[in-house]
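Novice: sequence? don't have it. structure:
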């Protein structure tokens, strides 16, 4: 009986995949150098991710925020301290769609880092320091090394204008 081998398809994320929400077979890669995550592909190019009009941010395995784009900064209403004590998200306050505060350590990116799966189309409210709130639709993916171990996560989020949340002005 003959067997066929399916060659792996290069599924590294591209600008087009991110913009079109083509997340079915997307993957993100990196490696650990001197104890820190170094991302590969599009995430390694700051000007490329700044050029994508959706929020993008990268976390190390311990949840430390190490990279983000200008769209994420605009959504958060602040520039987070990258590589410092910011964990799991750069939003001043995160909230569940119900309006209750969501501890950053319970945010969807923490789940991805812990279990290696993905979180697709999760709603969260990002509250800015001035109190303005944005309903975000988040898609979070693990970043894996070449041994397929989870070494971080990336969150790709956009303003979710398709839902109405009580008490939230859009």
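Specialist: In hand now; what should we look at? Keep in mind that this is a model prediction, so the values were computed, not measured. Numbering: from 1, shown residues only.
Novice: May I have the residues that are in contact with residue 88?
Specialist: By CB atoms under 8 Å, 6 or more residues apart in numbering, the contact set of residue 88 is 59, 63, 65, 104, 105, 107, 109, 110. Quick note: C-beta positions are derived from backbone N, CA and C, even for glycine.
Novice: distance of it from residue 76?
Specialist: From residue 88 across to residue 76, the span is 13 Å (CB to CB, to the nearest Å).
Novice: before we move on, the earlier item: out of the contacts of residue 88, which comes closest to residue 130?
Specialist: residue 104 (19.0 Å; CB to CB).
Novice: From the contacts of residue 88, pick the one nearest residue 19.
Specialist: When the contacts of residue 88 are compared against residue 19 (criterion: CB to CB), the nearest one is residue 109, at 20.8 Å.
Novice: Mind listing what's buried along the strand or helix carrying the closest one?
Specialist: Using DSSP states H and E, residue 109 sits in helix 108-115. By 16 or more other CB atoms under 10 Å, the buried positions in helix 108-115 come out as 108, 109, 110, 111, 112, 113.
Novice: One more: stretch 67-74?
Specialist: Using 16+ other CB under 10 Å as the test for burial, stretch 67-74 gives 67, 68, 69, 70, 71, 72, 73.
Novice: Show me which pair in the residues you listed is furthest apart.
Specialist: Pairwise over those, using CB to CB, the maximum falls at 67 and 71, 12.9 Å.
Novice: ok, residue 112 to residue 106 distance?
Specialist: 12 Å.
Novice: swap that for residue 54, sorry
Specialist: Per CB to CB, residue 54 is found 23 Å from residue 106.
Novice: And for residue 24?
Specialist: In this structure, residue 24 and residue 106 are 27 Å apart, going by CB to CB.
Novice: So the two - more neighbours on which side?
Specialist: Comparing residue 24 with residue 106 by other CB atoms under 10 Å, the one with more neighbours is residue 106, at 12 against 8.
Novice: for the lengthiest strand in the chain, what is the average pLDDT?
Specialist: Secondary structure of the chain read by DSSP state E shows that its longest strand is strand 133-144. Here strand 133-144 scores 95 as its mean pLDDT.
Novice: Enumerate the positions of the helix or strand of the chain with the lowest mean pLDDT that are buried.
Specialist: Within the chain, no helix or strand scores below helix 15-20, which has a mean of 90 by mean pLDDT, DSSP states H and E. Neighbour-count burial for helix 15-20 flags 17, 18 (criterion: 16+ other CB under 10 Å).
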